[in-house]
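Peer 1: Fold the following and give me the result.
(chains A and B)
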Amino acid sequence: MTRAQGVLRLALVLVIALPAGARAYPWMIRDGYTNCSACHVDPSGWGLLTEYGRAQAQIVLPTLWGKKQEDVEPTPGIAYGLIPLPSWLNVGLSLRGAVLSTTTSQGTTWRDILMIADLRAGVTADWFLASVSFGYVPTGATLAAVTNQNRDNLVSREHWLGVRLDDNKLYFLGGRLNLPFGLRNVEHNSFVRSSTRTDTDSYQQYGGQVVWDGQSIRAALMGIAGNFLIRQPEYREVGYSGYVEGAFSNSFTLGFSSLATHADLGLGSISNPFIFQDPFRNASDVWRQAHGLFSRWHIGGPWVLLAEADLLIESASGVARDWGGTGFLQADYQILQGLHLFFTAEALRQYEVFSYGGWVTAEWFFFPGCDVRLDTTFIEYGIQGGGHEPTFSVLGQLHFSM
Amino acid sequence: MSRRALALALLLALPGSAATHVTGEPTAGFHGRGPGGFSLDGKTHQLKVEDDGSVLKFTVPLASLETGIGLRDRHMREKYLQVDKYPDAVLELPWSSVKLPGDGQTSDGTAPGKMTLHGKTQDVQVKYRITRTGNRYQVTGNVPVKITDYGIEKPSYLGVTVQPDVDVSATFTAEKT
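Peer 2: Residues are numbered from 1 along each chain as shown, chains lettered A, B, ... in the order given. Just a heads-up that it's a prediction; the model follows:
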């Protein structure tokens, strides 16, 4: 590896190591929540909270400092009750800053990063739904950028309209939407999210989505029309993405996801920064598929297990079909309400290269709307032609939301 | 009283000579539904079974029900169930409506009973399954209940309203001697 390549790879490691700055906590199954629509405007979860969700964020999420849950009186509106809101209007702000240290064979770097500064607004008025986010990022999230700069972009990760019918069980949504696939969590740098390109950081797509949110089955199917924030239309992917998830009890779910897209030209993967020659980058007639299983399981007491495994298939004109796979396993141990330890392991095989690693995380929701998170991550990235590049990173974050 | 009537009375009274007591940890609870896929489950391990020989009486102290979220429990107890005024849910089931299985067998059935909740008593249909091993009976029962029939307001909190139709259930093991 040349020094220039090394610097480039290190920069990419830094970019993909940034966690998403949004809320999506599938470990809420601990509190018996197998579905997401009561708390989130998006019925498949993530991001903007409903009035009920804002209350739960004050009752079940943070450390209560000696109070009991039954003694909590959630403040209405936002900003700790300073700004009242009508029940149909939902507004949220998310600010996340971080310090990241990354060590590779090229050396160690330190960065302080503003990862997210998003304002979100949404409507949940009887049958009508709408949601929009607008924010600023100094780097990254270019696939969600509405401006066209190398850095300092304005982003809109989602903007969509929808209707809900049949006592909020059936939804029709249209616009720029999160892709319904796998675990919807904040770990956007995990292999399962980056290799399937289904993270909530910037991989939203334009299209239409049908969602079924039933008692024991929830499902979503999205027709993908493309990411129109990509200026060059030949790189836009068209296809479908969906999942169906069964809740076998209020503590265990198992789901199946499937995705297939086509693009005239391949964007290339960013899952492994040490892939020197991505065979699908700029290849023509690129087909991408991902199919897999995911599960959420409240084992009991403080333990929740999240798991996902996906088959990855990619083909293009003149390029040998690539069969790969990725897996993710995360155990969440809640020491006391609001204070979590996460133990995560993951693996990826893509382009005949195998990478694996894991991270240990401590996250503390120390006050409603505020959390600190510390990650120590070790990843052995596979290198084409053989060998591995070990990377070690330490990431500290402070997140404020309302 | 004729001999035949006396024999019949003795036969009917047989269960009365028996005692039923719960062994192990019983579970009683409910399952409610809200909009979309929202659901909530309440659970308690406090279940008292009394047997006077002709009627089985199940009593659940409602203050012990927990749904996993403290504030929701408080609202449930204070605003909806009003446990200070109506502390117990009581189900009465006549022995005559229950079919006990033979040793090593399982019986399923539906039995009419009376449910008292929130100060009101209503007729209910109890679905049950009983598995017998010797004098031990493993019992599961379900009762569909419409809480508004008992004068309980439909629970609603910040846009999430629970449907009035709730499944009440109990699981326990009893010994009959």
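Peer 1: any idea how far A:Ser249 is from the residue in chain B that chain A sits nearest to?
Peer 2: Residue nearest to chain A within chain B: B:Gly70 (2.6 Å; CB to the nearest CB). Using the backbone N, CA and C atoms, a C-beta is placed for each residue, glycine as well. Using CB to CB, to the nearest Å, we find B:Gly70 at a distance of 22 Å from A:Ser249.
Peer 1: Tell me which of these two has more neighbours.
Peer 2: Between B:Gly70 and A:Ser249, counted using other CB atoms under 10 Å in any protein chain shown, B:Gly70 has the larger neighbour count: 19 against 13.
Peer 1: can you give me phi and psi for that one?
Peer 2: phi -60, psi -50 (degrees, to the nearest 10).
Peer 1: Name all residues that make contact with it.
Peer 2: A:59, A:68-72 (CB atoms under 8 Å, 6 or more residues apart in numbering or on different chains).
Peer 1: and the gap between the closest residue to B:Ser39 other than its chain neighbours and A:Ile217?
Peer 2: Closest residue in space to B:Ser39, ignoring its immediate chain neighbours: B:Arg33 at 5.2 Å, by CB to CB, 6 or more residues apart in numbering or on different chains. Here the criterion is CB to CB. By it, B:Arg33 lies 13 Å from A:Ile217.
Peer 1: Near the residue nearest to B:Ser39, how many residues? Count them for me, please.
Peer 2: 18.
Peer 1: now the one 5 residues further on
Peer 2: As a burial measure, the neighbour count of B:Phe38 was computed by other CB under 10 Å and equals 24.
Peer 1: List the residues that contact it.
Peer 2: B:Phe38 touches A:35, A:37-38, B:160, B:162, counting by CB under 8 Å, 6+ apart.
Peer 1: now do 10 Å
Peer 2: By CB atoms under 10 Å, 6 or more residues apart in numbering or on different chains, the residues touching B:Phe38 are A:33-39, A:52, A:167-168, A:213, A:215, B:32, B:160-163.
Peer 1: ditto for A:Val192
Peer 2: A:Val192 neighbours (CB under 10 Å, 6+ apart): A:181-183, A:185, A:198-199, A:257, A:271, A:290, A:292, A:294, A:307-310, A:312, A:325-329, A:346-348.
Peer 1: Out of those residues, list just those in helices.
Peer 2: Within these, no residue falls in helices by DSSP state H.
Peer 1: Which ones among the residues you listed lie within strands?
Peer 2: A:257, A:290, A:292, A:294, A:307-310, A:312, A:325-329, A:346-348 (DSSP state E).
Peer 1: hmm, which of those are the buried ones?
Peer 2: Buried members of the ones in strands among the contacts of A:Val192, scored by 16 or more other CB atoms under 10 Å in any protein chain shown, are A:257, A:290, A:292, A:294, A:307-310, A:312, A:325-329, A:346-348.
Peer 1: Tell me the helix or strand right after the lowest-mean-pLDDT helix or strand in chain B.
Peer 2: When the helices and strands of chain B are scored by mean pLDDT, DSSP states H and E, helix B:3-13 comes last with a mean of 46. Sequence order places strand B:20-33 as the next helix or strand after helix B:3-13, per DSSP states H and E.
Peer 1: and that next one, what other elements does it pack with?
Peer 2: strand B:39-44, strand B:48-51, strand B:55-61, strand B:88-94, strand B:136-146, strand B:165-176 (3 or more CB pairs under 10 Å, 6 or more residues apart in numbering or on different chains; DSSP states H and E).
Peer 1: strands paired with that strand, and their directions?
Peer 2: strand B:39-44 (antiparallel), strand B:165-176 (antiparallel) (DSSP bridges).
Peer 1: Let me have those strands in CSV, extended by mean pLDDT, distance to B:Gly151 and mean neighbour count.
Peer 2: Output for those, formatted as CSV (pLDDT from 0 to 100; distance: least, CB to CB, whole Å; neighbours: other CB atoms under 10 Å in any protein chain shown):
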stretch, mean pLDDT, distance to B:Gly151, mean neighbour count
strand B:39-44, 94, 19, 20
strand B:165-176, 94, 14, 18
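Peer 1: Adding distance to A:Thr261 as columns, could you present those in a markdown table?
Peer 2: Compiled in a markdown table, these are given as follows (distance: least, CB to CB, whole Å):
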| stretch | distance to A:Thr261 |
| --- | --- |
| strand B:39-44 | 34 |
| strand B:165-176 | 42 |
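Peer 1: Tell me the residues of chain B that contact chain A?
Peer 2: B:31, B:33-41, B:67-75, B:77-78, B:157-161, B:163 (CB under 10 Å from any CB of the partner chain).
Peer 1: just checking, which of those belong to helices?
Peer 2: Per DSSP H, the residues of chain B next to chain A map to helices at B:70-75.
Peer 1: wait, what's in contact with the nearest residue to A:Trp359 once chain neighbours are set aside?
Peer 2: Nearest non-adjacent residue to A:Trp359, counting by CB to CB, 6+ apart: A:Thr377, 3.8 Å away. Taking CB under 10 Å, 6+ apart, we find A:Thr377 in contact with A:17, A:100, A:102, A:189, A:344, A:346, A:357-361, A:391-395.
Peer 1: just those residues now: which is nearest B:Gln138?
Peer 2: A:Thr344 (40.4 Å; CB to CB).
Peer 1: did I read that right, that closest one in a helix?
Peer 2: No: with DSSP: H, G, I helix; E, B strand; the rest coil as the criterion, A:Thr344 is strand rather than part of a helix.
Peer 1: beta partners for it?
Peer 2: A:Gln330, A:Trp359.
Peer 1: isn't it right next to A:Glu363, touching?
Peer 2: No: A:Thr344 is not in contact with A:Glu363 according to CB atoms under 10 Å; the separation is 11.8 Å.
Peer 1: shared neighbours of those two, which are they?
Peer 2: A:332, A:375.
Peer 1: so where's chain B shaky on pLDDT?
Peer 2: Across chain B, residues meeting the criterion (pLDDT under 70) sit at B:1-18.
Peer 1: what do you get if the cut-off is 80, keeping everything else the same?
Peer 2: B:1-19, B:176-177 (pLDDT under 80).
Peer 1: How about the spatially most central residue of it: what's its closest non-neighbour residue?
Peer 2: The residue lying closest to the centre of chain B (CA atoms, centre = their mean) is B:Leu91, at 5.0 Å. Nearest non-adjacent residue to B:Leu91, counting by CB to CB, 6+ apart: B:Phe58, 4.4 Å away.
Peer 1: Roughly how far does the one you found sit from A:Ala144?
Peer 2: 57 Å.
Peer 1: just A:His291 next, same as before
Peer 2: For A:His291, the distance to A:Ala144 - CB to CB - is 25 Å.
Peer 1: Name the residue in these two with the higher neighbour count.
Peer 2: Shown here are A:His291 and A:Ala144; by other CB under 10 Å, A:Ala144 has more neighbours (24 against 16).
Peer 1: and the contacts of B:Gly70 as a markdown table, adding secondary structure, distance to A:Val137 and pLDDT?
Peer 2: Below are these laid out as a markdown table (DSSP: H, G, I helix; E, B strand; the rest coil; distance: CB to CB, whole Å; pLDDT from 0 to 100):
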| residue | secondary structure | distance to A:Val137 | pLDDT |
| --- | --- | --- | --- |
| A:Ile59 | helix | 31 | 93 |
| A:Lys68 | coil | 39 | 92 |
| A:Gln69 | helix | 36 | 92 |
| A:Glu70 | helix | 40 | 89 |
| A:Asp71 | helix | 39 | 91 |
| A:Val72 | coil | 34 | 91 |
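Peer 1: Next, the buried residues of stretch B:139-155.
Peer 2: Buried-residue list, stretch B:139-155, by 16+ other CB under 10 Å: B:139, B:141-143, B:145, B:147, B:150, B:152, B:155.
Peer 1: Equivalent analysis for stretch A:134-144, please.
Peer 2: Buried residues in stretch A:134-144 (16+ other CB under 10 Å): A:134-135, A:137, A:139-144.
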